[in-house]
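1. this is a predicted model, with the sequence first.
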Amino acid sequence: MGIESLQQVKDMFRAAGVRTLYVKKLATVQDNEKNQVFLAKEVADLTALFPAKLSLRAPSQSELKRKSDVGRPITEATLNFFWMNAAGERFHAPGARLIDYFQYPEARLSGFLQGCEWAPRAIRRDEQAAYGQRILIMGSNAAGEVTALLLTQKDDPVVTGFPDLEPSGVSNVLGVLSVESEAIETPGSMLADKLRRIIADGWHASMRNKGGNLVPFKGNQGGGYTLEALLGVETNALKEPDILGFEVKSYRGSKLSLMTPTADGGPEGDLSFRGFMETYGEPARSGDGSLRYTGVVRAGRVSANRGLTLRVAGYDHVNDRFSTDPDQIRVEIYEPASGDVISSWSLEKLADGWNAKHAFAVYVRAEKRESAETAKDEYRYLAPFLMCEGTDVWRLLRAITDGVVYYDPAHSIYADDTAKQRPQWRVSTVGFGDTLARLYRSVRAVS
């Protein structure tokens, strides 16, 4: 007996740890193991939805093929991919990957039958016609596993009358559906409703969710921790998004930290943290015996405190072209006088850190006060909040080159020998909507 209801589909994916589903009604003739499955325009878009290990190849040099993106590295992404059958059993497909075809442009799912013990027969080109309408459903869990289920008109009654879904912010051919709701709701609409209720409730005592328990919190991170706690999110430093596939960011003041990937090149990447601090750190002005490494560094300027500047190597800003050698594309902090590189981040390091966590994000402005009754910190959150969808590492690199995104480390080794490594990449919140429009395909103010 096949799958009869949408709720049955949700329950199967929930058992696999998946919370957000991406759905494509497959083409009648295409979308098979020979032609591969078209999912989006670019692989960089899809790695925001499905955790993947990126690899980069030099691009085709053809300037004749329709819509070729000359000078743009070709991205491939290996997935930890599993087919799921109607009984909820999962079978690993170790050859599954996403591939860019810039000449179309298309990003396709490929290799999903290689080395797989079981896979649906309806995905085979010589058999697909017998199954009628086919619907592919995919989602990932916290372990980075991508699970796929193929429904067919022949076997699964749910296919008849399957609802039309709102397109995801990443691809128009992929509808989006939340497992968490019995209704046909998108993760974005569910999150927006939660945030509206939090905003309507006014002031909230500063807290954090520690292992499922709400505990008081005092400190500079209180605004973010409190918002996460109110949304039911435990305090974490995971690479995955916070809730319903969205990264949640609250902000006060004039700057906001976007991400904290550590350098993987230059002395900051090559040395141990303590070795780097002993070489480049400076005694704190307070004279308390601690070492500090701080100071804003951005492209196009030399920092006042250390005389450093920043560049995106392998990128021709004037012509908006990236190097044909992906290994040459990296972000570097260096001394202009000597040319010595102090810190660098490879393309793959930045892509993994940015794509996985920030493809869908919501930014919420906060205010802080001290409670007159308890003398403890309280926060309230303001409308409108900004819901952002669709980003990739290329947008990030352009924003770094233009000085919109900058490096603002806050490394410390305290007098008691404890260490804090904080490699912050930040943006200004002045003109914040325009800034986010540089980083995301879609920015929507929700009131």
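-> That came through, no problem.

2. buried residues in stretch 81-97?
-> By neighbour count with 16 or more other Cβ atoms under 10 Å, stretch 81-97 contains the buried residues Phe81, Phe82, Trp83, Met84, Ala86, Arg90, Ala93, Ala96, Arg97. Bear in mind the C-beta positions are built from the backbone N, C-alpha and C, glycine included.

3. state the pair within these that is farthest apart.
-> Based on Cβ to Cβ, the longest span within those runs between Ala86 and Arg97 and measures 25.5 Å.

4. correct me, but Ser40 touches Leu46?
-> Careful, residue 40 is Ala and not Ser. Yes: using Cβ atoms under 8 Å, Ala40 is in contact with Leu46, at 5.2 Å.

5. burial measure for Thr152, as a count.
-> Residues near Thr152, counting by other Cβ atoms under 10 Å, number 21.

6. now swap in Lys357 and tell me
-> Should you count by other Cβ under 10 Å, Lys357 turns out to have 20 residues around it.

7. measure it to Val364 for me?
-> 17 Å (Cβ to Cβ, to the nearest Å).

8. re the thing from before, shared neighbours, Ala40 and Leu46?
-> Residues touching both Ala40 and Leu46 (Cβ atoms under 8 Å, 6 or more residues apart in numbering) are Ala107, Val170, Ser171.

9. what separation is there between Gly219 and Lys368?
-> Counting by Cβ to Cβ - Gly219 and Lys368 are separated by 11 Å.

10. more neighbours, those two?
-> Lys368 (16 against 10).

11. need the contact list for the more buried one.
-> Gly222, Gly223, Arg252, Asp377, Glu378, Tyr379.

12. one more: Ile99?
-> Gln36, Val43, Glu76, Ala107, Arg108, Ser110 are the contacts of Ile99 under Cβ under 8 Å, 6+ apart.

13. so what's it bridging to?
-> Counting by DSSP bridges, Ile99 is bridged to Glu76, Arg108.

14. got the confidence number for it?
-> The score at Ile99 is 92. That number is its pLDDT.

15. what is the neighbour count of the spatially closest residue to Thr401 that is not a sequence neighbour?
-> The shortest distance from Thr401 to any residue other than its chain neighbours is 4.7 Å, reached at Val312 (Cβ to Cβ, 6 or more residues apart in numbering). Residue neighbour count, defined by other Cβ under 10 Å, stands at 23 for Val312.

16. from here on, call the first residue 13.
-> I'll keep to 13 as the first residue from here, and by that count the last item is Val324.

17. isn't Val324 up against Tyr346?
-> No: using Cβ under 8 Å as the test, Val324 is too far from Tyr346 to be in contact (11.9 Å).

18. which parts of the host helix or strand of Lys206 are buried?
-> Per DSSP states H and E: Lys206 is located in helix 199-212. Neighbour counts over helix 199-212 (16+ other Cβ under 10 Å) mark Pro199, Gly200, Ser201, Met202, Leu203, Ala204, Lys206, Leu207, Ile210, Ile211 as buried.

19. what's the closest of these to Ala217?
-> Out of the buried residues of helix 199-212, the member with the shortest distance to Ala217 (by Cβ to Cβ) is Ile210, at 13.0 Å.

20. how about the contacts made by the closest one?
-> Ile210 makes contacts with His216, Leu239, Leu242, Leu243, Tyr393, as judged by Cβ under 8 Å, 6+ apart.

21. which pLDDT value belongs to it?
-> For Ile210, the model assigns a pLDDT of 98.
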